[in-house]
Every structure is written in structure tokens, then in C-alpha cells.
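Novice: The sequence isn't on hand, but the structure is:
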């Protein structure tokens, strides 16, 4: 199974000043790189949904509810800048 990077994720990456590419790590969705090309993290487990996927398949209302639940569930690991949890939160949710 491969993951197609959405326009939403590309826009979010641009805001953060990072580059996203399909992951080379088995079981991950995307790899995050800085502007120098240094890999920062591999994020997003394949097989799990994310905001743009839920939005396209189930609509905005459902996706917003899933986003709210994700952010509550990952409250402890999504705020520390530079961590995989941070990039997953900012790029996929």
C-alpha cells in the first residue's frame, strides 16, 4: 500500500518550511526534510486515516470530529517542535 501526498499536506509543509516526500520507511506515509535536504522524520502509519483522507471519503464534518479526537489523543506528543508527533499533527491533521 502506498500513500499519495495530498495538496493539504503540501500546503502545510510549505507553511512549516519543510519538504515532504513519500516515505522510504516501511509502514510510514511521508518523510519530512528540511530545506537542506536533511531528513527530519518519517510520519503517519499506513493503514490509519488522516484529515485529508477522512475529508475526501466521509466529508468535512466527519473529518473535523476525527481531527478533534486525534488532537485529544496525542496531546502529550504533538507540541514539541521537530518531533515526529509534531510533524504528524501539523502535516496530516
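Specialist: Good, I have the coordinates. In this text, all values refer to a predicted model and were calculated from it rather than measured experimentally. Residues are numbered from 1 along each chain as shown.

Novice: which helix is the longest one in this structure?
Specialist: Using DSSP state H to define each element, the chain has its longest helix at helix 60-73.

Novice: If you count neighbours, what's buried in stretch 7-18?
Specialist: For stretch 7-18, a neighbour-count test (16 or more other CB atoms under 10 Å) marks 8-9, 12-13, 16, 18 as buried. For every residue, glycine as well, the C-beta is placed using N, CA and C.

Novice: Could you do stretch 71-81 as well?
Specialist: Those would be residue 78, for stretch 71-81 by 16+ other CB under 10 Å.

Novice: How about stretch 35-46?
Specialist: In stretch 35-46, counting by 16+ other CB under 10 Å, buried: 40-44.

Novice: quick one: it to chain centroid distance?
Specialist: Distance of stretch 35-46 from its chain centroid, counting by CA atoms, centre = their mean, to the nearest Å, is 10 Å.

Novice: measure it end to end?
Specialist: 25 Å (CA to CA, to the nearest Å).

Novice: Run through who's touching it.
Specialist: By CB atoms under 8 Å, 6 or more residues apart in numbering, the residues outside stretch 35-46 that reach it are 1, 3, 17-19, 23-25, 27-34, 50, 82-84, 87-88, 91-92.

Novice: which one is residue 80 nearest to, not counting chain neighbours?
Specialist: Spatial nearest neighbour of residue 80, excluding adjacent residues (CB to CB, 6 or more residues apart in numbering): residue 86 at 5.8 Å.

Novice: would you list every one of the strands in this structure?
Specialist: Remark: strands assigned in the chain by DSSP state E are 19-22, 28-33, 39-45.

Novice: Now the first one: average pLDDT?
Specialist: Here the mean pLDDT over strand 19-22 is 97, rounded to a whole number.

Novice: so how far is that strand from its chain's centroid?
Specialist: Distance, centroid of strand 19-22 to centroid of chain: 10 Å (CA atoms, centre = their mean).

Novice: Show me what counts as buried in that strand.
Specialist: Per 16+ other CB under 10 Å, strand 19-22 contains these buried residues: 19-20.

Novice: Parallel or antiparallel, which strands does it pair with?
Specialist: Paired neighbours of strand 19-22 in the sheet (DSSP bridges): strand 28-33 (antiparallel).
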